[in-house]
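**Q** Quick one, fold the following:
(chains A and B)
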Amino acid sequence: MTGKPALSDTSSLCDRRSVLAAALALPVAACGAPDDRKLLRWWSPQAAPAQARAYKAQIKRFEAANPGYRVAFEQTSDDGYPAQFAAAFAAGQVPNIVTHLPSFAAQSYYAQGLVEPMDAVVASIGADRFLPGANAPYLATDGRLSAVALGGTAVDMLWLRRDLMEAAGLAAPPRDWDELRDACRRMQTARIYGAPLPFGTNSMTSLVFISFIHRAGGQVFAPDLTLTLDSPATYAALDFYRSMREFCPPSASSFGWADSLNAFVSGATATGIYGGRVLVNVARQNPAMARQLLCVPYPGQTAATPAWTFNDFPCLFIPKGASEMAATRALAVSLYEPEGYIGQMLAAPGHVLPVLRGITNSPDYSGNPITTMFAKEIATMTAAAAAGHNLGFESAAHAPNVKAGEIIASNAIAEMVQRVTISGEPAKAAVARATDRIAAIMRAGTDRG
Amino acid sequence: MMAATAKLRGDGWLGPLLIAPVVVVLGAVIGYPLFTALALSLFEVDTPTLRASFAGIGNYAELLGPGGRFWPALGVTLVWTAATLALQVVLGVAMALLLNRDLWLRSLARSLVLFPYFVSTVVAVLVWRWLFNDLFGLANQGLMALGVIEAPIDWLGTMPNALLSVIVVGAWKFFPFVVIAVLARLQTIPESLYDAARLDGAGAWGRFRDVTLPQIGEVLGIVVLLRAIWDFKEFDLIYLLTGGGPVDATRTLPLTVYQEAFGLNRMGMAAAYAVAMMIVMLGFFVAYRLAVRGRS
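**A** So this is what the prediction gives:
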C-alpha cells in the first residue's frame, strides 16, 4: 500500500475525467462545425426511394461545385401539393425549386404572379437541347415560360397481361370501349377484377375522367376556354365509366394513384391504368408478371376516336420570392446535366420520360435492364406522351387554362363521377352541378380582379 | 385608518398591473386570432396570393344559403359526433367497469386498453385502412371465410358504410379517454355503498343504476363535454380515412373549412365556416352549462 493505491486512484480519476471529457466532447464532435452554407430547398411529389437517391446524387454534385450552398430535398404529394403550396405562398415560405408538378399547376401559379419566368433558365440549359415542343405546355399568355420541361409521362396507359388475355381468348388489346368492357368481363374471375379505375374523391379520378371525356370526342373547355362540360361526350363517358364499376374492386370507390397501381401490380386486376411506374414496380415486386406485360394507349369510345393521353408534363419552376436567386437558377440548370439527368430518369425508368435530345438512345439510358427489357413499352409511352395533353393544355389550339389546378383541387369532376357511378344520381343533375362549380372557379379570379 | 385608505388608493394600480400579463397573453392567443378570423370572414381572400376584397356578410349568406354547404356539413358533423361519442361512452364505461374488477393481469390490461389513444392517428388509420382493404384486408377475408358475406364489402367508399366505419374507428381511437376518467372515479366509490345496496336486495343492474351511475355522473358529464368538443372538431382521422367522400357524405365542418381554405383557395369563406362552427360549439357549451346549473 505505498504509492500504488494513489496511482490507482489517480488513474481511476483520470479515467473518469477522460470518460467525462469524451462524453462531453462526443456530442460537440457529432454536431461538427456550424454549417454556414446557405440553404436551398427543393420540393417534389416524385420521391420514391430510388428517385430520392438520384436527387441526392444530383445535390451532391451541385454542392461540390457550389461549396457555399447546401440543398435540402423535401417531399410533397400529388394530392397534397395544392394545400402545401397555398400555405407556403401565403406565408412567404417558398422553396427554391419545385419539380415534377403538372404543367397546369405552374401555369396557375404563374398567372397569379407567384412564379418566376423561366426563359433565362431554359436559355442557360440550351433551348435546342429540348425535344421539339417540349416546353410548349408552359408557354404563358404573356409569351414567357412559366416552367421548364423536366420529363413527360403517359399517365393513363392501358396495361394488360398476355397470360390473362390468352386464358380469356383475347387475341389483341381492346380497340374501343365495347371491346375493353368485354375484355374485362372475360378476364374477371373470382380472384381477379377487370380494371382498377379510380372512383375516389381525388385528383386521379378527375384527371383520368377528363381523358375519358376526350376519348369520347369531347372536351371540358373549348379552345377559347368556354366551358363545354355539358356535352354528349361527357354523358357517354359517364355512362361507360358507370358500366365499368362492376369490373373494378369494391374499394375502387376510394382509389387514388397508389391504390390503382398496386391493384394491377399485385395481380388483383387484369388490366391497369397508369404510367411507366408499372414497369419498375412489377420488376421489383412481381417479377413473374414482367414477361406478360403489354401496354397500349387507353382505347376511345370507338376505334376511330382520336387517341388522347393524359400527360401531366412534369416540370421545374422557381417560386417568386425564393432566396438566393442566382444559386437557385444554377441549381435548376444543374439538374439537366446529362449524368444526373439520366440518373434521375432511370430512378423510375419509363415513368418520367426524357425530354432532352439524345437521352433515350444514349447507351447509359437504353442500357438499363428495365429500359432494355421494356423498350417497346417505353417507345409506346414516349409516343403517347409526346402527343399528350391535360386540362391546362387540352389541345394545341387551346389557350392555357390557368384555373386547371384549382378545378382539379376542387374535386368537382371527381364528385360528378361519384354522384353518377356510386350515388346513382341522374347524370344530367351531376353534370349541371359540376358545371356550376367549375364556372364559379373560372369566375373567381375575375371577380377579385 | 386614513393612512391605510390612502395606501390602498396609492396601490390602486397594483391590481391591474398584476393582471395585465394575463390579459396580454389571453389577448394574444385568444383575442387576436378570434378577431382575425372574424375579420377574415368578411372578405374574399385568395389563399396563395392573399389578395382580398371586402365581401361584408356575403360569405355567410353563401354558406347558409340554399347552395351553401354549411347545413349538410353540420348534419354530418352532428351525426358523427353523437354516434362516435355514444359508442365511446358505452365502450369506455363498460371497459372501466371490467378493469375495476379483480382480473388476472389487470395491470397489463389497463395499460393495453390505452394503446389506441396513444397511437398516432396516421398509424391508426393506416392499420384500419389495411383491415378494411377489400383485396387483402382481414375484415373482408375473415367475413368471407366465415361465410357471412360472399363478396368483399366496400367499407370506406360507399354509404352508409363509410360513415359507419369512420364512427367505429373514432370510437376505437378515443374510448380509452373515457376509460381513464371513469376508472379513476370508480376506484374512489366507497365499497360500503355497494354493501348497503346488496343488503337492500339490489342486483348487478340495480347497483350500477343506483350507485355507480350517480357516482360517475359528474365525471361522465365533463368527459362527454370535452369529447363532444374534440369530436366536433376532429379532422385528421376522417380526412385520412375517407377524405370526406363519397361525394360529401363524410365531409364534416372541419374538412369543409380545410377544403375551402386550401382546395378552393377561399380563405375568407373558410374563416366564415370556422366562425359558424365556433358559434355552434358555443351553443353546445351554453346548453351544457344550463343543464348543469338546472341539475344542481
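
**Q** How is the residue in the stretch 151-296 of chain B positioned nearest to chain A assigned, secondary-structure-wise?
**A** Residue nearest to chain A within the stretch 151-296 of chain B (CB to the nearest CB): B:G157, separated by 2.7 Å. To be clear about C-beta, it is placed using only N, CA and C from the backbone, and glycine gets the same treatment. Three-state call for B:G157 (DSSP: H, G, I helix; E, B strand; the rest coil): coil.

**Q** Could you give the number of residues near the nearest residue to it once chain neighbours are set aside?
**A** The shortest distance from B:G157 to any residue other than its chain neighbours is 2.7 Å, reached at A:S253 (CB to CB, 6 or more residues apart in numbering or on different chains). Neighbourhood size, A:S253 [other CB atoms under 10 Å in any protein chain shown]: 26.

**Q** Now do the buried residues in stretch B:269-278.
**A** B:269-277 (16 or more other CB atoms under 10 Å in any protein chain shown).

**Q** actually stretch A:103-114, not the one I wrote
**A** Across stretch A:103-114, burial judged by 16+ other CB under 10 Å covers A:103-112, A:114.

**Q** Likewise for stretch A:363-377?
**A** Here stretch A:363-377 shows A:365, A:368, A:370-371, A:373-374, A:377 as buried, counting by 16+ other CB under 10 Å.

**Q** List the contacts of stretch A:124-137.
**A** Identification of contacts with stretch A:124-137 by CB atoms under 8 Å, 6 or more residues apart in numbering or on different chains yields A:103, A:107, A:122, A:145, A:148-149, A:152, A:313, A:315, A:329, A:333, A:336, A:354-357, A:386, A:390, A:392-393, A:396.

**Q** 7 Å - rerun?
**A** Residues from elsewhere that reach stretch A:124-137 (CB atoms under 7 Å, 6 or more residues apart in numbering or on different chains): A:103, A:122, A:145, A:148-149, A:313, A:329, A:333, A:336, A:355-357, A:393.

**Q** end to end, how far does it reach?
**A** 19 Å (CA to CA, to the nearest Å).

**Q** burial of the residue nearest to B:A202 when sequence neighbours are not counted, as a residue count?
**A** Nearest non-adjacent residue to B:A202, counting by CB to CB, 6+ apart: B:D210, 6.3 Å away. When neighbours are counted by other CB under 10 Å, B:D210 registers 14.

**Q** Those residues of the stretch 151-296 of chain B touching chain A, which are they?
**A** Counting by CB under 7 Å from any CB of the partner chain, the residues of the stretch 151-296 of chain B close to chain A are B:152-154, B:156-158, B:242-247, B:262-265.

**Q** so A:C295 touches A:T380, yeah?
**A** Yes: assessed by CB atoms under 7 Å, A:C295 is found in contact with A:T380 at 5.6 Å.

**Q** Comparing these two, which residue is more hemmed in?
**A** A:C295 (25 against 19).

**Q** residue ranges of the strands in chain B, please?
**A** Per DSSP state E, chain B has strands spanning B:43-45, B:52-54. These are given in chain order.

**Q** whoops, I mixed them up, chain A
**A** Using DSSP E, strands in chain A cover A:38-44, A:69-75, A:97-101, A:148-149, A:157-161, A:272-274, A:293-297, A:315-317.
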